[in-house]
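Asker: no letters, just coordinates:
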């Protein structure tokens, strides 16, 4: 049976782990991203590439240490460097790990990859069902995260929400799929009556998803009494790749273009234009501030950053930009966020 | 109307095209000229911290032109050919200068934002015609001027090709300098490395002199790389490798495309068994450091023989 490595991105790894169970291959439970992952990945990565590259490579290497013999990666779409990651991984794998199979969803489509991993020709309906259940798992995992964003600023004892979240993920791994049961677990947390601040988080998608890279920004914000909201999430991105995202939301892509038009008339690649449009939308929704997360020297986000600062000063809308690289530390991030949140409280 | 043209970034890809076009239409053209320390400092003080060095250099040039002209010309290079893309940092500057730095900008879009996968097509001509219409000129006049501009640019490129064919006959050690045009044509950014190599009795060959046919952009192996300029660089490198003795690549701090083009250039040099060196330039570089590296590289090269 083939052992497959899929990058362990944040909470979504629980959704990916369930993929191969009934289809004839096993997805290795990659260890959580840590500084060891960073070190393993950056040994063979090119210098100067954005932080996402060595982390995913480190995930693959740690999975290979646990016995993986195939790796899968999605090809990127936009104008930023992400589209070349897959091809660079192919090059590096040929040089350093020639025994491992590398599947890139640009060269092969989803059906072909599933057939290769299962080792036999799967009926099309089965593959479609596997894809749909993967998408449903991703949606459920995001709902658990939403619940944690709601309860963390309201919790009475620090650490309760994180504990319940981990318990829910364990239930998920063991097969629980009912959203009601997760809601009931969260409702048992002791809360205090408080009206939290609302902050929108914009930026590059990998940083929004992966807690180790952004030094647990979600947890720091929540423990400082802030309710977090994000527009860019994996479920919507998958729908966008299938051109179905406009049907599931009333904040459509054309609205984003219209919102950002006075500042930015074309897409600068990746989620650059989304960051500008989302910041304007948060301002309209009456949020208290925006936090912008980006890897160091990220192409689209650095192009969008001057526009965000201009919006911040024009509309008097508070903005905090944090850029992350290998040397980022949790205490520095936590200091900056605490100071920002204190400033927001004093404004009210 | 006086039009200012910054001699930096995308304009350096086609140095003669835009100037000829505006002058033939009867408009006054002011160039920002050679880079001075003052222009560089203006760019470093005003641009975003983590942007790449060429974009800071570009903003410095544009800000230096602010009082010398009525509008500054900043073309938006989305793509040169269908199914291709320029670097994302080329897309932003017109809006950046207009909305954040409050300058009056004349811009034209070269290429399309959402391309369709049909045939090969050249977007530069289309952009020139659109620009002529924007300036309110008559169609016939614009057509004639576009032809003049394109022929001036082709003549300049022919001059570069002739220079290349001359240089590869030289008996000195030939070193190929791989980089983008806006670094190779600017002495402050590249620290005068071409002159340094000449002093050390080597012959520098700039990669933009190597001939390149636009149809070659669709080579099988690099079809997935949609960055026109990256593909051009690697195809040119493959052609020139057999004629040179060594390769020096000049990258700048924060350059996105270069961070992975380096891997592909290294791979090609390893296949052809030619010595390869990468030099990272940033605003703190000094000439002495570059000279030491160049000398060491040439010594190693010569010792191998």
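Answerer: Received the coordinates, thanks. Just so it is clear, the structure is predicted and the values come from calculations on it, not from any experiment.
Asker: stretch B:259-268 near chain A anywhere?
Answerer: Yes: shown here: stretch B:259-268 in contact with chain A (CB under 8 Å from any CB of the partner chain) through B:259-260, B:262-264, B:267. Every residue, glycine included, has its C-beta placed from N, CA and C.
Asker: and that stretch, how far out from the chain middle?
Answerer: Per CA atoms, centre = their mean, to the nearest Å, the displacement of stretch B:259-268 from the mean C-alpha position of its chain is 18 Å.
Asker: nearest to chain A, of the residues of stretch B:259-268 next to chain A?
Answerer: residue B:259 (3.9 Å; CB to the nearest CB).
Asker: I figured that closest one hits residue A:45, correct?
Answerer: No: when contacts are counted by CB atoms under 8 Å, residue B:259 is not listed as touching residue A:45 (9.4 Å).
Asker: what does the pLDDT read for the residue nearest to residue B:109 when sequence neighbours are not counted?
Answerer: In space, and not counting its chain neighbours, residue B:109 is closest to residue B:76: 5.0 Å by CB to CB, 6 or more residues apart in numbering or on different chains. With respect to pLDDT, residue B:76 scores 87.
Asker: the helix or strand hosting residue A:132: which residues count as buried?
Answerer: Element membership of residue A:132 [criterion: DSSP states H and E] is helix A:124-151. For helix A:124-151, the neighbour count (16 or more other CB atoms under 10 Å in any protein chain shown) marks A:127, A:130-131, A:134-135, A:137-138, A:140-142, A:144-145, A:147-151 as buried.
Asker: how far away from the center of its chain is the strand or helix carrying residue B:152?
Answerer: For residue B:152, the host element (DSSP H and E) is helix B:139-167. Centroid separation for helix B:139-167 versus its chain: 16 Å, with CA atoms, centre = their mean.
Asker: can you pull out the strands in chain B?
Answerer: Along chain B, counting by DSSP state E, strands occupy B:2-5, B:28-31, B:71-73, B:76-77, B:105-106, B:109-110, B:173-178, B:202-206, B:246-252, B:276-281.
Asker: same deal with chain A?
Answerer: A:2-5, A:25-27, A:70-73, A:101-104, A:197-203, A:226-229, A:289-295, A:319-324.
Asker: before we move on, the earlier item: now do the helix holding residue B:152 against strand B:202-206, angle only.
Answerer: 150 degrees (axes from the mean of the first three to the mean of the last three CA atoms, to 10 degrees).
Asker: so what secondary structure elements neighbour helix B:139-167?
Answerer: Packing contacts for helix B:139-167, counted by 3 or more CB pairs under 8 Å, 6 or more residues apart in numbering or on different chains; DSSP states H and E, involve helix B:17-24, helix B:123-134, strand B:202-206.
Asker: for chain A, which of these is the nearest?
Answerer: When the helices and strands packed on helix B:139-167 are compared by CB to the nearest CB, helix B:123-134 sits nearest chain A, at 14.1 Å.
Asker: in the closest one, what's buried?
Answerer: In helix B:123-134, counting by 16+ other CB under 10 Å, buried: B:123-124, B:126-129, B:131-132.
Asker: that one vs chain A: in contact?
Answerer: No: with CB under 8 Å from any CB as the criterion, chain A is not reached by helix B:123-134; the gap is at least 14.1 Å.
Asker: same deal with stretch B:177-188?
Answerer: No: using CB under 8 Å from any CB, stretch B:177-188 never reaches chain A; the gap is at least 14.7 Å.
Asker: quick one: that stretch to chain centroid distance?
Answerer: 7 Å.
Asker: could I get the average pLDDT for it?
Answerer: 89.
Asker: neighbours around the residue in the stretch 1-150 of chain A that chain B sits nearest to, how many?
Answerer: Minimum separation of the stretch 1-150 of chain A from chain B (CB to the nearest CB) falls at residue A:48, amounting to 3.9 Å. By the measure other CB atoms under 10 Å in any protein chain shown, the count of residues near residue A:48 is 18.
Asker: ok, the closest residue to it other than its chain neighbours to residue A:299 distance?
Answerer: Leaving aside its sequence neighbours, residue A:48 sits nearest to residue B:259 (CB to CB, 6+ apart; 3.9 Å). Counting by CB to CB, to the nearest Å, the gap from residue B:259 to residue A:299 is 10 Å.
Asker: domain-wise, how is the chain divided?
Answerer: Just so you know, I chose chain A. A:2-122, A:126-192, A:195-347 (automatic domain parsing).
Asker: wrong one, chain B
Answerer: Using automatic domain parsing, the domains assigned to chain B come out as B:2-152, B:168-304.
Asker: list the contacts of residue 13.
Answerer: Looking at chain A here, since you left the chain open. A:6, A:29-30 (CB atoms under 8 Å, 6 or more residues apart in numbering or on different chains).
Asker: hmm, I had chain B in mind actually
Answerer: Contacts of residue B:13 (CB under 8 Å, 6+ apart): B:77, B:181-182, B:229.
Asker: can we see that at 7 Å?
Answerer: residue B:181 (CB atoms under 7 Å, 6 or more residues apart in numbering or on different chains).
Asker: redo the strands of chain B as JSON lines? Include mean neighbour count and distance to residue B:297.
Answerer: Formatted as JSON lines, the strands of chain B follow (neighbours: other CB atoms under 10 Å in any protein chain shown; distance: least, CB to CB, whole Å):
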{"stretch": "strand B:2-5", "mean neighbour count": "21", "distance to residue B:297": "36"}
{"stretch": "strand B:28-31", "mean neighbour count": "15", "distance to residue B:297": "34"}
{"stretch": "strand B:71-73", "mean neighbour count": "21", "distance to residue B:297": "39"}
{"stretch": "strand B:76-77", "mean neighbour count": "24", "distance to residue B:297": "33"}
{"stretch": "strand B:105-106", "mean neighbour count": "19", "distance to residue B:297": "42"}
{"stretch": "strand B:109-110", "mean neighbour count": "22", "distance to residue B:297": "37"}
{"stretch": "strand B:173-178", "mean neighbour count": "23", "distance to residue B:297": "8"}
{"stretch": "strand B:202-206", "mean neighbour count": "21", "distance to residue B:297": "9"}
{"stretch": "strand B:246-252", "mean neighbour count": "23", "distance to residue B:297": "7"}
{"stretch": "strand B:276-281", "mean neighbour count": "18", "distance to residue B:297": "5"}
